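1. Show me the folded form of this:
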Amino acid sequence: MTVDERKTISTGVIQNLILENRGKLSISGVLDVLSFDDQVVILETELGLLTVKGENIRINKLSIDTSEVIVEGEISYLAYSDKENEKSKGNSFMSKIFK
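-> Residues are numbered from 1 along each chain as shown. Down below sits the predicted model:
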């Protein structure tokens, strides 16, 4: 059992990702939609930031009450990243812009 698995068990967080034919992605445990367009959706979830990439992507359902999001389109990429890592990357990027 890895450290991340123990962390999930101890926090009691359960998150489901259901990808149907690379065209419909159902996600539970969503806290916020940080950004979206027709190629990229970035979601804040209970287990970290989730990036979804593809073509003709749209958010078909967004329910804050049930913490569920349904994304549809031609999905080609899914990746998690830690919130802390994304914040530090963002700071270094911003510091480069305002140098």
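2. Now do the strands in the protein.
-> Secondary structure of the chain (DSSP state E): strands at 17-20, 24-28, 30-36, 40-45, 48-63, 68-81.
3. Put together JSON lines for the ones you listed, with mean pLDDT on each row.
-> As requested, these are arranged in JSON lines below (pLDDT from 0 to 100):
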{"stretch": "strand 17-20", "mean pLDDT": "96"}
{"stretch": "strand 24-28", "mean pLDDT": "96"}
{"stretch": "strand 30-36", "mean pLDDT": "93"}
{"stretch": "strand 40-45", "mean pLDDT": "94"}
{"stretch": "strand 48-63", "mean pLDDT": "95"}
{"stretch": "strand 68-81", "mean pLDDT": "96"}
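4. Next, format those as CSV and append mean neighbour count.
-> In short, each C-beta sits where N, CA and C put it, glycine included. As requested, the strands of the chain are exported to CSV (neighbours: other C-beta atoms under 10 Å):
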stretch, mean neighbour count
strand 17-20, 12
strand 24-28, 18
strand 30-36, 14
strand 40-45, 19
strand 48-63, 16
strand 68-81, 16
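5. At the geometric centre of this protein, which residue sits there?
-> Geometric centre of the chain, nearest residue: Leu50, 2.0 Å, by C-alpha atoms, centre = their mean.
6. Quickly note the distance from the residue nearest to it when sequence neighbours are not counted to Asp37.
-> Among residues not flanking Leu50 along the chain, Leu43 sits closest, at 4.6 Å (C-beta to C-beta, 6 or more residues apart in numbering). Going from Leu43 to Asp37 by C-beta to C-beta, to the nearest Å gives 13 Å.
7. before we move on, back to that, can I assume the residue nearest to Leu50 is in contact with Ser67?
-> No. With contact defined as C-beta atoms under 8 Å, Leu43 does not count as touching Ser67 (10.4 Å).
8. which residues do those two both contact?
-> Listed as contacting both Leu43 and Ser67 by C-beta atoms under 8 Å, 6 or more residues apart in numbering are Val30, Leu31.
9. show me the contacts for Val33.
-> Residues counted as contacts of Val33 (C-beta under 8 Å, 6+ apart) are Val41, Ile42, Leu43, Glu44, Ile59, Leu62, Val69.
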